[in-house]
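Engineer: Sequence plus predicted model, see below.
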Amino acid sequence: AQTVTQSQPEMSVQEAETVTLSCTYDTSESDYYLFWYKQPPSRQMILVIRQEAYKQQNATENRFSVNFQKAAKSFSLKISDSQLGDAAMYFCAYRSLGSTPLVFGKGTRLSVIA
Amino acid sequence: DTGVSQDPRHKITKRGQNVTFRCDPISEHNRLYWYRQTLGQGPEFLTYFQNEAQLEKSRLLSDRFSAERPKGSFSTLEIQRTEQGDSAMYLCASSPLDGTGDQANYGYTFGSGTRLTVV
């Protein structure tokens, strides 16, 4: 079974600075999808960014980008120019082809310091 | 369509009582998922539907849990004889199918969840 590990339970960043959240996963599959979700306090989870494993190019969405290292099974999230609204729980998730359920990590709580 | 709706937002129940939660997915989404999230943990998969068919159930879904999606639209999750260990946030999500019949290209759209407290 696939597993997702987020080794940083908590992180903090100064406003306008850059922070990187780590995620590693374990799989024997060659094709799959990876996601980062954001869950603000008492609010619903929203998709931040996704990556297809067959693409070598790292995904980017505005201030959010990933560093996808397939061989190392690593999928980190970089948040540039951090804003107060970025404060939230961030979850890394894995999905294999042909298998529907997302598998989530335990999350990283990000605090943004003004 | 304003997204995935869940009702109620909060539920407090006494141990041994039955509870039922409702989820209304995005109308054009074929697939609907139920997850459970406990404090400090990521969401854990419970079950999912494609239209009205329940296609997969996690081993976490004991026989006290039952889910339905009778007309392929909204879904209900019932917990019978609740236990304190059932206290958690129950999340519903939906996703579309792409032209190939898979939804691998899409992430989920989540609802705000139902927080269950069993006392």
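Structural biologist: Looks like it arrived, so ask away. Numbering: from 1, shown residues only, chains lettered A, B, ... in the order given.

Engineer: rest of the way, CA atoms for contacts and neighbours
Structural biologist: Fine.

Engineer: Spatially central, which residue of the chain would that be?
Structural biologist: Here I'm looking at chain A. For chain A, A:Trp36 is the residue whose C-alpha lies nearest the centre (CA atoms, centre = their mean; 3.3 Å).

Engineer: try again with chain B
Structural biologist: Chain B has B:Trp34 as the residue nearest its centroid, 2.6 Å off, counting by CA atoms, centre = their mean.

Engineer: ok, that residue to A:Tyr94 distance?
Structural biologist: 16 Å (CA to CA, to the nearest Å).

Engineer: Please identify the buried residues of stretch B:40-53?
Structural biologist: Across stretch B:40-53, burial judged by 16 or more other CA atoms under 10 Å in any protein chain shown covers B:42-52.

Engineer: which residues sit against that stretch?
Structural biologist: Residues outside stretch B:40-53 that contact it (CA atoms under 8 Å, 6 or more residues apart in numbering or on different chains) are A:91, A:101-107, B:30-37, B:54-61, B:67-73, B:91.

Engineer: 6 Å instead?
Structural biologist: A:104-107, B:30-37, B:54-58, B:61, B:69-72 (CA atoms under 6 Å, 6 or more residues apart in numbering or on different chains).

Engineer: sorry, back to before: tell me if I am right that the residue nearest to the centre of chain A is in a helix.
Structural biologist: No: checked against DSSP: H, G, I helix; E, B strand; the rest coil, A:Trp36 lies outside a helix; its state is strand.

Engineer: pretty sure it is touching A:Cys92, no?
Structural biologist: Yes: counting by CA atoms under 6 Å, A:Trp36 touches A:Cys92, with 4.6 Å between them.

Engineer: Contacts only, for B:Lys57.
Structural biologist: B:Lys57 touches B:46-47, counting by CA under 6 Å, 6+ apart.

Engineer: Look up which residues are beta-bridged to it.
Structural biologist: On the basis of DSSP bridges, B:Lys57 is bridged to B:Thr47.

Engineer: re the thing from before, thought B:Tyr90 was touching the residue nearest to the centre of chain B, still the case?
Structural biologist: No: B:Trp34 is beyond contact range of B:Tyr90, at 7.0 Å (criterion: CA under 6 Å).

Engineer: So for the closest residue to B:Ala88 other than its chain neighbours, what's the pLDDT?
Structural biologist: Nearest residue to B:Ala88 in three dimensions, chain neighbours excluded: B:Thr38, at 4.9 Å (CA to CA, 6 or more residues apart in numbering or on different chains). At B:Thr38, the model reports a pLDDT of 93.

Engineer: So which bits of chain A are right by chain B?
Structural biologist: A:43-45, A:104-107 (CA under 6 Å from any CA of the partner chain).

Engineer: Among those, name the ones in strands.
Structural biologist: Under the assignment DSSP state E, those contribute A:Phe104 to strands.

Engineer: out of the residues of chain A next to chain B, who has the most neighbours?
Structural biologist: Among these, A:Gly107 has the most neighbours (other CA atoms under 10 Å in any protein chain shown), with 30 neighbours.

Engineer: Skipping its backbone neighbours, what lies nearest it in space?
Structural biologist: A:Phe91 (4.5 Å).

Engineer: tell me which element B:Arg81 is part of?
Structural biologist: Using DSSP states H and E, B:Arg81 sits in no helix or strand.
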